[in-house]
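Chemist: Mind folding the following:
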Amino acid sequence: MAFLDFSEQLKVGFALIDDDHKILIDQINMLADSLADGDDQDAIGSVLNVLVDYTEFHFGREQQLMEQTGYEQSPGHLREHAVLVKQVSEMSRRYQAGEATAKDLMNFLKVWITQHILKSDKALAQHLLAHNGSTELVQQASGQGEIQWSKLSVLIVDDQFNFRSLLRSLLNTLGVTHIHEAKSGHEALDMMANFPVDVVLVDDGMKPMDGISFTKAVRSGKHGVNPKTLVILMPSNEITKDYLLRATQSGVHDLVVKPLAAKTVRGRIERHLRQPLPFRQMGDMLIPVRQPPAKPHAARV
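Modeler: From the prediction side, this is the model:
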């Protein structure tokens, strides 16, 4: 049974806002499951990070809607947003510092989101519906840069169910809808031979095939996968210079530090899709090459 149900009572009637609220409630339910299952702090911290990130994104989207429709109550609503973001960030910090219990955290989040929805957002939704809530308005408010997130095909490779669920939820917050999951590197290689993939998120600590071994297999081109057609990102606890070098020499585009944050994952994907790295042959692999920093030009006399 879910900790918090997205019931009819919580629907405001404006699709864009209702969709955002459902994602936020899904994050809260995922956090409740992680706490109940005794997940490690990386998993719990990642869920909290995604919750805070998406709260800020959702509030920014609501602000756009208010500005586009001339909402008279926007000053008070925006002040409430600022307070709510500060509260959820502070509560997350207190929990991770051991200053608040899991029960304190979950009760706070339940009151925090339901009170905001039942009061302020229902009033905003009525205003937006009175202004027709046009498709053009929704499209303008939901844009996230040049990347067409809804058309991306992303593969999650992780042997832990809860972390796969977290990554799926994180990708949903970015607007990704074509998401595939594999429980092992071998399963992922079999899947990738059957459909195109743009981005892979692969865990570094899987067994028996870890993230680096999986990436080497992909970059070898021996498994029916074009090694030059996808971005590989690897969530990791270890972001040292030596480990980064080892990962990139195996063909990983970037490491992403745990606990994960939606902003970080989004930034890495955007960077590598907008400015693709060149590839070079290294042994029997094709690997992306990081560009060295440009040398300063010598001053002219």
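Chemist: where exactly do the helices run in this protein?
Modeler: Listed in chain order, the helices found in the chain under DSSP state H are 15-37, 41-69, 74-96, 102-116, 122-130, 135-142, 161-173, 185-192, 211-219, 241-250, 262-274.
Chemist: Can you give me the buried ones in the first one?
Modeler: By neighbour count on 16 or more other C-beta atoms under 10 Å, the buried set for helix 15-37 is 16-18, 20-21, 23-32, 34-35. Where you see a C-beta, it was placed from the backbone N, CA and C, and this is true even at glycine.
Chemist: try the longest one
Modeler: Buried residues in helix 41-69, defined by neighbour count with 16+ other C-beta under 10 Å: 42-59, 61-63, 65-66, 69.
Chemist: In terms of secondary structure, what does that helix contact?
Modeler: If you count contacts as 3 or more C-beta pairs under 8 Å, 6 or more residues apart in numbering; DSSP states H and E, helix 41-69 packs onto helix 15-37, helix 74-96, helix 122-130, helix 135-142, helix 161-173, helix 262-274.
Chemist: mean pLDDT lowest for which of the ones you listed?
Modeler: If the helices and strands packed on helix 41-69 are sorted by mean pLDDT, helix 135-142 sits at the bottom with a mean of 46.
Chemist: Format the helices of the chain as a markdown table; extra columns: distance to Met1.
Modeler: Output for the helices of the chain, formatted as a markdown table (distance: least, C-beta to C-beta, whole Å):
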| stretch | distance to Met1 |
| --- | --- |
| helix 15-37 | 10 |
| helix 41-69 | 19 |
| helix 74-96 | 22 |
| helix 102-116 | 14 |
| helix 122-130 | 26 |
| helix 135-142 | 31 |
| helix 161-173 | 17 |
| helix 185-192 | 30 |
| helix 211-219 | 34 |
| helix 241-250 | 40 |
| helix 262-274 | 27 |
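Chemist: And these: which comes nearest Lys151?
Modeler: Set against Lys151 and scored by C-beta to C-beta, these come closest in helix 262-274, at 11.2 Å.
Chemist: Show me the contact partners of the closest one.
Modeler: Residues from elsewhere that reach helix 262-274 (C-beta atoms under 8 Å, 6 or more residues apart in numbering): 49-50, 53-54, 57, 144-147, 152, 170-171, 173-174, 198-199, 201, 231, 233, 253-254, 256-257.
Chemist: now those: which count as buried?
Modeler: Buried residues within the contacts of helix 262-274, counting neighbours by 16+ other C-beta under 10 Å: 49-50, 53-54, 57, 147, 152, 170-171, 173-174, 198-199, 201, 231, 233, 253-254, 256.
Chemist: still on that earlier bit, just so I know, which of the helices of the chain lies nearest Ala2?
Modeler: That would be helix 15-37 among the helices of the chain, by C-beta to C-beta, at 4.8 Å.
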